[in-house]
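>>> Just to be clear, the model below is a prediction. Sequence and coordinates:
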Amino acid sequence: MFSKKSNSISTKATNTKLITANLNQNLSEITAIFKDDRDFSIRHFHFSGTVPAALVYLNTLVDQDMIAQNVLKALKQQQNGGNQLANNINKTVMEEIIYPTEIQEANNLTTVVNSILQGDTVILIAGHTSAYYVNTYKIPERSVTQPESEQVIRGPHDGFVENLATNISLIRYRLSNQSLRITPKELGKQTKTKVAVLYVENLVDNNVREEVEHRLNAITINRILDTSYLEQLIQDHPRSPFPQLLYTERPDVIVGNLLEGRVAIMTDGSPGGLIAPATITQFIQTSSDYNQNFMISSFIRMIRVLALILSLVTPSFYVAVVSYHPELIPTRFAIAITSGRTGVPFALIMEVFIMEIIMEILREATIRMPKQIGNAISIVGVLVIGQAAVEAGFVSPLTVVFVAITTIGSFATPNYSMGFSFRLLRFFSLLLTGLLGFYGFMISWMIIMNHLLSLRSFGVPYMSPISPVHWKGLRDSIIKAPIKWLINRQK
């Protein structure tokens, strides 16, 4: 079902003519569509040694060994006579010859051309008004490895790849359940991308499943190249900076969420899947949390929450206290801060803004550069720029310390999308704080919290199980209860 990537181009296959008994005419019609495509191939042979026939395929999408062994060899070695073939050719081809592979029949050129574009090999036989297409799709793909964006110390080390069939097999391997349902879809007018909706029938919330399928069916854009396209098109609040579907490249995470009654969305060509609905607590959890003692996992999760809050609060709080409310600072610390800022030409808000922008530039440079060079840039950049800025008197040492705390806190967030959301909102909070002091700081927090409380993910409150309170859900939120308390639970 998901053994091949559909990349048919509907604008090419506009011809709806039927297959005729004239082999040369059929080949001419198909050749006119593909024209000078270098990977377009026609292989002539004689079916059963007497009947002219041809194989048509794109050699960049097919397994040529499979064509030679399972298709061409079987067709050429068929021993039935020509008259007998003409009388019962459909049964001969469909049931007696190409039995090891998937084969289907078509009677129009549109279906034939689309099947060629999907990696099928088409069989055309003179004197017969039907064509047969055999699934011979095969493209190079990378091996299953641990995803770099979701590293774990204890737990499975395999991750999704770009092939949907391989990804489905990784899920089936872990969830051998007769209630697992995989609904195929084809989205994108031009790309015809294969999409799969996965859920466990006896656990899923049918309202959520129906809403997911309804939103997917409503997509009418020309291209779907990655799951990120779907995420942007089906989320409840597209203008919110917060991710409303959980993206993961780990099959164990998908399986765990399926068993909690959620819906997964997989896309061919993308090494990851989406999970719906998503709540904010899911973005601070990792799969390795369930492979460790509950006390260790709970402690680590609380550290992540603290790091996430620090990444948002630290620069704004620092600006509010030092610039607007220095009376809150103990005398010794006030003297240290004042001496450290001696000679700095910028206002504190500008100083923090400049350092935050520099850190974002360094972070982006680290991500985009090759891994070996990126690591060197991050270390050297932070050390050299920070030290040089302090010695030159552009920033105070304490500002560098608080910006460093903020950056380290954002690194501790396990989900990249959630971490980036807080990085973006940090500038919003910093701007209001710079203008209004603690009032601006509190206003920014009220706006952010009000927005979080208003968010929904496919009808589920984003702050669940914290608000509204769901006591069973709290067992696996900021803390993790012992594993025996979590067995057979369904959120």
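Structure's in. What do you need? Everything numeric here is computed off the predicted structure, so don't read it as measured data.
>>> List the residues that contact residue 434.
By Cβ atoms under 8 Å, 6 or more residues apart in numbering, the contact set of residue 434 is 319, 323, 349, 353, 440. Bear in mind the C-beta positions are built from the backbone N, C-alpha and C, glycine included.
>>> next SSE after the lowest-mean-pLDDT helix or strand in the chain?
In the chain, no helix or strand scores lower on mean pLDDT, DSSP states H and E than helix 82-91, which sits at a mean of 55. Where DSSP states H and E defines the elements, the next helix or strand beyond helix 82-91 is strand 103-106.
>>> Who are the packing partners of that following strand?
With contacts taken as 3 or more Cβ pairs under 8 Å, 6 or more residues apart in numbering; DSSP states H and E, strand 103-106 sits against helix 109-117, strand 131-135.
>>> Could you rerun that using 6 Å?
Where contact means 3 or more Cβ pairs under 6 Å, 6 or more residues apart in numbering; DSSP states H and E, strand 103-106 is packed against strand 131-135.
>>> and the angle for the strand it packs on with helix 109-117?
Relative orientation of strand 131-135 and helix 109-117, computed by axes from the mean of the first three to the mean of the last three Cα atoms, to 10 degrees: 20 degrees.
>>> Each with direction, which strands does strand 131-135 pair with?
According to DSSP bridges, strand 131-135 has the following sheet partners: strand 103-106 (antiparallel), strand 120-125 (antiparallel).
>>> residues in contact with the longest one?
Spelled out, it's strand 120-125. Strand 120-125 is contacted by residues 23, 26, 47, 53-57, 62, 67, 71, 112, 116, 131-136 when judged by Cβ atoms under 6 Å, 6 or more residues apart in numbering.
>>> Most neighbours among the contacts of residue 434, which one?
residue 319 (27 neighbours; other Cβ atoms under 10 Å).
>>> low-scoring pLDDT stretches of the stretch 301-450 of the chain, where are they?
Applying pLDDT under 70 to the stretch 301-450 of the chain flags the ranges 371-383.
>>> how about the nearest residue to the residue positioned nearest the centre of the chain, chain neighbours excluded?
Note on the chain: the residue nearest the mean C-alpha position is residue 272, at 3.7 Å, using Cα atoms, centre = their mean. The shortest distance from residue 272 to any non-neighbouring residue, by Cβ to Cβ, 6 or more residues apart in numbering, is to residue 249 (4.3 Å).
>>> circling back: dump the residue contacts of the residue nearest to the centre of the chain.
With Cβ under 6 Å, 6+ apart, residue 272 has these contacts: 160, 227, 247, 249.
>>> 7 Å instead, please
160, 227, 247-249 (Cβ atoms under 7 Å, 6 or more residues apart in numbering).
>>> quick check, nearest of these to residue 484?
Nearest to residue 484, judged by Cβ to Cβ, of those is residue 248 at 25.2 Å.
>>> Can you name the residues bridging to that closest one?
Taking DSSP bridges as the rule, residue 248 bridges to residue 273.
>>> burial of it, as a residue count?
Residue 248 has 24 nearby residues by other Cβ under 10 Å.
>>> could the strands paired with strand 131-135 go into JSON lines alongside mean pLDDT, mean neighbour count and distance to residue 396?
What follows is the strands paired with strand 131-135, written out as JSON lines (pLDDT from 0 to 100; neighbours: other Cβ atoms under 10 Å; distance: least, Cβ to Cβ, whole Å):
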{"stretch": "strand 103-106", "mean pLDDT": "85", "mean neighbour count": "16", "distance to residue 396": "72"}
{"stretch": "strand 120-125", "mean pLDDT": "90", "mean neighbour count": "26", "distance to residue 396": "67"}
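>>> Make a markdown table out of those and add distance to residue 196.
As requested, these are arranged in a markdown table below (distance: least, Cβ to Cβ, whole Å):
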| stretch | distance to residue 196 |
| --- | --- |
| strand 103-106 | 20 |
| strand 120-125 | 20 |
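>>> which stretch among those comes nearest residue 459?
Between the strands paired with strand 131-135, strand 103-106 lies closest to residue 459; by Cβ to Cβ that is 39.3 Å.
>>> could I get the closest one in PDB with only the CA atoms?
Taking Å, rounded to 0.1, in the frame of the first residue of the first chain, the C-alpha atoms of strand 103-106 are listed here in PDB:
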ATOM      1  CA  ILE A 103       0.000  -6.400 -10.600                       C
ATOM      2  CA  GLN A 104      -3.100  -4.400 -11.700                       C
ATOM      3  CA  GLU A 105      -5.000  -3.900 -15.000                       C
ATOM      4  CA  ALA A 106      -5.700  -0.500 -16.700                       C
END
